[in-house]
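Asks: The sequence and its predicted three-dimensional model are supplied below.
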Amino acid sequence: MFVRSLTAKLKQKTSKTSNLNYVPFLIDILNHSFTNSSLSHVHFPSDISQTNSLIASYVRRGDPVSALTLFHSLRRRAHSDVVADAYTFTSILRASSLLRVSGQFGTQVHAQMLKTGADSGTVAKTALLDMYSKCGSLDEATKVFDEMRHRDVVAWNALLSCFLRCDRPVEAFGVLREMGRENVELSEFTLCSALKSCASLKALELGRQVHGLVVCMGRDLVVLSTALVDFYTSVGCVDDALKVFYSLKGCWKDDMMYNSMVSGCVRSRRYDEAFRVMGFVRPNAIALTSALVGCSENLDLWAGKQIHCVAVRWGFTFDTQLCNALLDMYAKCGRISQALSVFDGICEKDVISWTCMIDAYGRNGQGREAVEVFREMREVGSKVLPNSVTFLSVLSACGHSGLVEEGKNCFKLLREKYGLQPDPEHYACYIDILGRAGNIEEVWSAYHNMVVQGTRPTAGVWVALLNACSLNQDVERGELAAKHLLQLEPNKASNIVLVSNFYAAIDRWDCVEELRSIMRTKGLAKEAGNSWINVPGFNRHAISLSA
DNA sequence: ATAGGGTTAG
């Protein structure tokens, strides 16, 4: 009964709010749990501490649905003596983070806590901070922290990981400094977060100091060592990472540790080391996936093929994510037929599989095939929907192959059929397609359309507009585009070259000369283009040719 | 109540 009334309430709420993404999901789960939950046989405890430990044990066991269901049964029986307290709410907040429904639901729990005064303690506030942090509400999270009267190290750590979670390492450092000023005694959790900040800011010296603190702590903790490995590899010190990895003797290394080490070695093209590390354990799909991404980045077909063999040997070819990385690796290394055969072999293709395949054809100049895969994807039907990246791949494929009608059609589908809002990047591709086809008026009408929709043009959009003007001798509006581009990114050499090409195209050689001298005084040079070739006998090393 | 590893464009 209580589940039905809850879902009814939630449904009412969802019709009024914009947060529609997760609440229907919660309703499904609770409806499902109504029939399947282990709770259907359970007698409800008659005092709050028993109820709390039952809820906590559900959460620990990874069954947040039962925890939430039990919690709502409490609310229905509010007239009885069993009333939720701070302990109940902390478990419930954790359960809602586990379900990733914390946004609106978490706010409701917060409201109830305020009503009953269960929000005042440090532990409760830390749980609230963590809930807001996990659903991306940075402002709410910091507000909760500011309200705390007593802040222990756990509260500080929660604030730290809050900043790291939303990719704000500089603010995280600010928190660490503040902790120093307040004389908070650092814990392992603090050091872990500190290492993560150092890794994302590439702060080598600072990270080494944190390493010192880790050693002083004197415990072989696998989590801290993984963070150290991750830190050292992300600042390019693979040898230091390997030292940490091999010095970890007394402690059991888990998969995450191996995965971190493998992906670090591959990113720095230390394949021998990567394969040696992989040799210690049965390889897992994640390690192989990250190894493949490294191969794609380095265009290293040789290593990619080795990893493909390992994946086949261990039976990981049913893993969609691994296959996506494999397909992308072959595509980026120019082996389009291999990429296709991997794609065909994926049983459960997701949006990334499809997008990678479309992009594979597109970057190989096979626009028709890309459009064909896109059509197939939409026909296969409702199961996999294209996202904005998919559309970008299709549009860019059309641009590379001069497929004007297909490009127009795709842009139309993006808005009209899939209800997506085009990003500036989509507009840039689209403008490029129209410009190459010689439709300069359509180019500018697309631009005006974009402005009307409230999308601000980025440098990429001005680049596309400028190119279109060069191709179509649109002198006046071209100068406008050039002006905007140079305002947005005045010090990017490729932009100045582009503007100078525009003036060359309209026979204004005086301007070309002026721009060249500006480049000289600014000391800018256009980056050299790169090509990669494999040399027989040296096939493990790609050679870069400057053009 | 807080901590470590994986996929898509340009």
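Replies: In hand now; what should we look at? Keep in mind the model is a prediction, meaning the values are calculated, not measured. Numbering: from 1, shown residues only, chains lettered A, B, ... in the order given.

Asks: what's the closest non-adjacent residue to A:Asn467?
Replies: A:Gly435 (5.9 Å; CB to CB, 6 or more residues apart in numbering). C-beta: built from backbone N, CA, C; applies to glycine.

Asks: secondary structure class for that neighbour?
Replies: helix (DSSP: H, G, I helix; E, B strand; the rest coil).

Asks: Surely it touches A:Val443?
Replies: Yes. Because the distance of 5.1 Å satisfies CB atoms under 8 Å, A:Gly435 is recorded as touching A:Val443.

Asks: Helices of the stretch 1-150 of chain A, residue ranges please.
Replies: Under the criterion DSSP state H, counting those that start in this stretch, the stretch 1-150 of chain A contains helices at A:2-16, A:23-36, A:48-60, A:64-76, A:86-98, A:102-116, A:122-134, A:138-147.

Asks: actually the stretch 351-500 of chain A, not the one I wrote
Replies: So, for the stretch 351-500 of chain A - with DSSP H, counting those that start in this stretch - the helices run A:351-363, A:367-380, A:388-401, A:404-416, A:424-436, A:440-452, A:459-472, A:475-488, A:493-505.

Asks: possible to save those as JSON lines with mean pLDDT, distance to DNA strand B and mean neighbour count?
Replies: Shown next, in JSON lines, are those (pLDDT from 0 to 100; distance: least, CB to the nearest atom of the strand, whole Å; neighbours: other CB atoms under 10 Å):
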{"stretch": "helix A:351-363", "mean pLDDT": "95", "distance to DNA strand B": "4", "mean neighbour count": "24"}
{"stretch": "helix A:367-380", "mean pLDDT": "92", "distance to DNA strand B": "10", "mean neighbour count": "18"}
{"stretch": "helix A:388-401", "mean pLDDT": "95", "distance to DNA strand B": "4", "mean neighbour count": "24"}
{"stretch": "helix A:404-416", "mean pLDDT": "94", "distance to DNA strand B": "13", "mean neighbour count": "17"}
{"stretch": "helix A:424-436", "mean pLDDT": "95", "distance to DNA strand B": "4", "mean neighbour count": "24"}
{"stretch": "helix A:440-452", "mean pLDDT": "94", "distance to DNA strand B": "15", "mean neighbour count": "16"}
{"stretch": "helix A:459-472", "mean pLDDT": "93", "distance to DNA strand B": "7", "mean neighbour count": "24"}
{"stretch": "helix A:475-488", "mean pLDDT": "92", "distance to DNA strand B": "14", "mean neighbour count": "18"}
{"stretch": "helix A:493-505", "mean pLDDT": "87", "distance to DNA strand B": "11", "mean neighbour count": "19"}
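
Asks: Can you check which of the ones you listed gets nearest to A:Gly136?
Replies: With CB to CB as the measure, helix A:388-401 is the member of the helices of the stretch 351-500 of chain A nearest A:Gly136 (19.0 Å).

Asks: Can you report phi and psi for A:Gly62?
Replies: Dihedral pair for A:Gly62: phi 80, psi 30, per degrees, to the nearest 10.

Asks: Next one, pLDDT for the closest residue to it other than its chain neighbours please.
Replies: Nearest residue to A:Gly62, sequence neighbours excluded (CB to CB, 6+ apart): A:Leu98, at 7.2 Å. Note for A:Leu98: predicted pLDDT of 79.

Asks: do the same with A:Gly294
Replies: pLDDT at A:Gly294 comes out at 83.

Asks: Kindly report the same for A:Asn31.
Replies: What the model reports for A:Asn31 is a pLDDT of 45.

Asks: Pull the contacting residues for the residue nearest to A:Gly62.
Replies: Shown in contact with A:Leu98 (CB atoms under 8 Å, 6 or more residues apart in numbering): A:Val59, A:Gly62, A:Pro64.

Asks: what's the nearest residue to A:Lys253 if we skip its chain neighbours?
Replies: Nearest to A:Lys253 is A:Val222, by CB to CB, 6+ apart, at 6.4 Å.

Asks: neighbours of the closest residue to DNA strand B within the stretch 1-150 of chain A, just the number please.
Replies: With CB to the nearest atom of the strand as the measure, A:Thr126 is the residue of the stretch 1-150 of chain A nearest to DNA strand B, at 3.3 Å. Look at A:Thr126: counted by other CB atoms under 10 Å, it has 23 neighbours.

Asks: which residues touch it?
Replies: Residues in contact with A:Thr126 (CB under 8 Å, 6+ apart) are A:Met148, A:Val154, A:Ala155, A:Ala158.

Asks: what about A:Ala86, distance to A:Lys125?
Replies: Between A:Ala86 and A:Lys125 the computed distance is 10 Å (CB to CB, to the nearest Å).

Asks: DNA strand B contacts on the stretch 101-250 of chain A?
Replies: Taking CB under 7 Å from any atom of the strand as the contact definition, the stretch 101-250 of chain A meets DNA strand B at A:122-123, A:126-127, A:130, A:152-155, A:157-158, A:161, A:164, A:187-189, A:192-193, A:196, A:221-224, A:226-227, A:230.

Asks: List buried residues within these.
Replies: A:126-127, A:130, A:154-155, A:157-158, A:161, A:164, A:188-189, A:192-193, A:196, A:221, A:224, A:226-227, A:230 (16 or more other CB atoms under 10 Å).

Asks: And chain A, what are its domain boundaries?
Replies: A:1-185, A:198-266, A:421-547 (automatic domain parsing).

Asks: tell me, how many neighbours does the closest residue to A:Ala56 other than its chain neighbours end up with?
Replies: Distances taken as CB to CB, 6+ apart put A:Ser91 closest to A:Ala56, at 4.8 Å, once the chain neighbours are dropped. If you count neighbours by other CB under 10 Å, A:Ser91 ends up with 26.

Asks: check contacts around A:Ser91.
Replies: Applying CB under 8 Å, 6+ apart to A:Ser91 gives the contacts A:Asn52, A:Ile55, A:Ala56, A:Val59, A:Ala67.

Asks: Quick check: the gap between A:Asp423 and DNA strand B.
Replies: Applying CB to the nearest atom of the strand, to the nearest Å, the value for A:Asp423 to DNA strand B is 7 Å.

Asks: Understood, closing this out.
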